[in-house]
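Undergrad: next one to model:
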Amino acid sequence: MPLNIIRNDITRVSADAIVNTANPMVAVGAGVDQSIYEAAGFEQLLAERAKIGPMEPGQAAVTPAFGLDAKYIIHTVGPAWRGGDYRERETVASCYRRSLQLAAELDCASIAFPLISTGTYGFPKDEALRIAVSEISSFLLDHEMMVYMVVYSREAFVVSGRIFSDIKSYIEDRDVRERPRDIRRTAFADRSVAEYSLYNAPEMLPKASGPSPKKGGGRKLFGRLKEERERKRKEELEIDADFESAVTDVYLAPTASFDWDLEQYLEQHGESFQQMLFRHIDRRGLTDPQVYKKANIDRKLFSKIRSNENYMPSKKTVLALAIALELNMDETLDLLRRAGLALSPASDFDLIVGYCINHKVYNIFEINTYLFEYDQPLLGA
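TA: Numbers count the residues shown, from 1 in each chain. The predicted structure follows:
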């Protein structure tokens with residue numbers, strides 16, 4: 001996976017290059033800077049840093065990594081936050097861009113970043129995260145490198161914005177997720193029909209607790225269980241308007257008008273996952289590198305998919321490819337079915353990705369920040 005977000009101490013990450021948020025002067029700062037000096041070897045690292053001399057905000061320079069599990073430490077100077085009117089955003093972007101360029105010049109296969117300037121320099125964490133994702137994703141479209149965004153704690157990672165707020169509200173609305181086991185809804189457009197199957201989690205019945213029931217207690221318990229089953233069965237048959245609206249908002253994208261006639265549709269009905277995937281790629285005029293880089297999967301996995309017509313990828317890989325190809329929900333569900341997979345309304349992972357597809361959020365790195373916030377698997381390999 002070219003970009004991975006992890007929770008860890010950056011001094012314990014194994015990568016070719018570790019990025020340090022450096023003091024602009026030849027001195028040891030607080031936070032990440034101090035931790036890196038202590039882990040690498042204080043005196044020897046400070047001696048190498050002295051050879052570089054003073055640095056301007058936005059610059060990047062390299063030293064050996066000494067005691068770290070890395071080859072290099074890339075030192076970059078972030079800006080102190082002064083309200084955003086002093087080119088702080090452009091400076092942070094320069095920190096990421098120049099560090100990545102330097103890592104590429106050093107032939108690094110991997111690099112680990114902290115969230116630059118978000119500690120003692122006070123840069124807003126949500127803005128810093130957006131800048132980091134933007135710069136890293138742009139770089140990865142033209143380069144092969146494993147990039148880690150290293151977050152020390154949950155408090156150090158902040159996702160905000162309208163889309164995240166909408167996702168958060170939906171995920172936290174637990175009542176909406178009490179759904180029938182099997183719902184089939186057919187949506188009609190001018191020339192197309194789409195069928196959707198949503199599966200709920202296994203129903204949970206109350207369990208008996210306490211001492212064994214007295215005589216007759218077993219019949220009473222059985223009666224209560226029977227009543228509970230009947231109640232749940234009735235609920236499965238009564239879908240209220242609020243639920244219908246919620247499912248429609250999250251899972252049902254506007255249905256597409258198919259360009260092919262019935263004969264063409266029947267020919268494609270038996271398509272394998274591989275056949276359907278590469279038909280979508282060809283129709284969009286994309287190259288293989290463009291697809292696997294936008295999907296955040298590595299070249300080896302994509303080659304395996306292309307060379308093996310019977311290969312069945314994981315759900316997160318299929319959804320990553322759907323995001324890369326900017327498929328609508330109709331097309332995404334069909335691609336999943338070809339791999340024997342489906343979306344579940346009982347899964348936070350599925351809800352978040354489904355929401356993003358329906359709202360045309362196709363930046364996979366942005367989607368992964370939402371998934372990371374909810375401790376979900378990230379899209380890609």
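
Undergrad: pass me the low-pLDDT residue ranges in the stretch 51-200 of the chain, would you?
TA: Counting by pLDDT under 70, the stretch 51-200 of the chain has low-confidence residues at 153-200.

Undergrad: and the strands in it?
TA: Applying DSSP state E, counting those that start in this stretch to the stretch 51-200 of the chain gives strands spanning 60-64, 72-76, 110-113, 146-151, 182-188, 193-199.

Undergrad: and the shortest one, which strands flank it?
TA: For strand 110-113, the pairing partners within the sheet under DSSP bridges are strand 17-21 (parallel), strand 146-151 (parallel).

Undergrad: nearest to residue 64, out of those strands?
TA: strand 17-21 (11.0 Å; CB to CB). For glycine as for every other residue, the C-beta is placed from the backbone atoms N, C-alpha and C.

Undergrad: what does the closest one rub up against?
TA: The list of residues contacting strand 17-21 from outside it, by CB atoms under 8 Å, 6 or more residues apart in numbering, reads 10-11, 29, 31-33, 36, 62, 65, 68, 70-78, 99, 102-103, 106, 108, 110-114, 116-117, 119, 121.

Undergrad: can you check stretch 282-299 too?
TA: Contacts of stretch 282-299 (CB under 8 Å, 6+ apart): 1-3, 140-141, 144, 281, 301-302, 306, 317, 320-321, 323-326, 364-365, 368, 378-381.

Undergrad: ChimeraX command to pick out the buried ones of those?
TA: The buried subset of the contacts of stretch 282-299, as determined by 16 or more other CB atoms under 10 Å, is captured in ChimeraX by this line:
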select :1,2,3,140,281,301,302,317,320,321,323,324,325,364,365,368,378,379,380,381
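
Undergrad: okay, and which of the contacts of stretch 282-299 map to helices?
TA: Judged by DSSP state H, those include 140, 281, 301-302, 306, 317, 320-321, 323-324, 364-365, 368 as members of helices.

Undergrad: contacting residues for the closest residue to residue 362 other than its chain neighbours?
TA: For residue 362, ignoring the flanking residues on the chain, the nearest one in space by CB to CB, 6 or more residues apart in numbering is residue 326 at 4.8 Å. Contacts for residue 326 were tallied using CB under 8 Å, 6+ apart; they are 284, 360, 362.

Undergrad: and residue 112, by the same measure?
TA: Residues in contact with residue 112 (CB under 8 Å, 6+ apart) are 10, 13, 15, 17-19, 70, 147-148, 150.

Undergrad: apply 7 Å and report the result again.
TA: 10, 13, 15, 18-19, 148, 150 (CB atoms under 7 Å, 6 or more residues apart in numbering).

Undergrad: just the buried residues of these.
TA: Neighbour-count burial (16+ other CB under 10 Å) applied to the contacts of residue 112 gives 10, 13, 15, 18-19, 148, 150.

Undergrad: of the contacts of residue 326, just say which sits nearest to residue 270.
TA: Set against residue 270, the nearest of the contacts of residue 326 by CB to CB is residue 284 (22.2 Å).

Undergrad: burial measure for that closest one, as a count.
TA: 13 (other CB atoms under 10 Å).

Undergrad: phi, psi for it please.
TA: Phi and psi for residue 284, reported as degrees, to the nearest 10, are phi -90, psi 0.

Undergrad: hang on, residue 305 packs against residue 317?
TA: No - using CB atoms under 7 Å as the test, residue 305 is too far from residue 317 to be in contact (8.1 Å).

Undergrad: just to revisit the earlier point, let's have the contacts of residue 326 in JSON lines, adding distance to residue 310 and pLDDT.
TA: Formatted as JSON lines, the contacts of residue 326 follow (distance: CB to CB, whole Å; pLDDT from 0 to 100):
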{"residue": "284", "distance to residue 310": "24", "pLDDT": "93"}
{"residue": "360", "distance to residue 310": "32", "pLDDT": "92"}
{"residue": "362", "distance to residue 310": "28", "pLDDT": "93"}
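
Undergrad: of these, which is the nearest to residue 125?
TA: Distances from residue 125 to the contacts of residue 326, taken by CB to CB, are shortest for residue 362, at 23.9 Å.

Undergrad: quick check: phi and psi at the closest one.
TA: Dihedral angles (degrees, to the nearest 10) for residue 362: phi -110, psi 10.

Undergrad: mind putting the buried ones among the contacts of residue 112 into TSV with distance to residue 277?
TA: Formatted as TSV, the buried ones among the contacts of residue 112 follow (distance: CB to CB, whole Å):
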residue	distance to residue 277
10	36
13	33
15	31
18	37
19	35
148	28
150	33
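
Undergrad: that'll do, ta.
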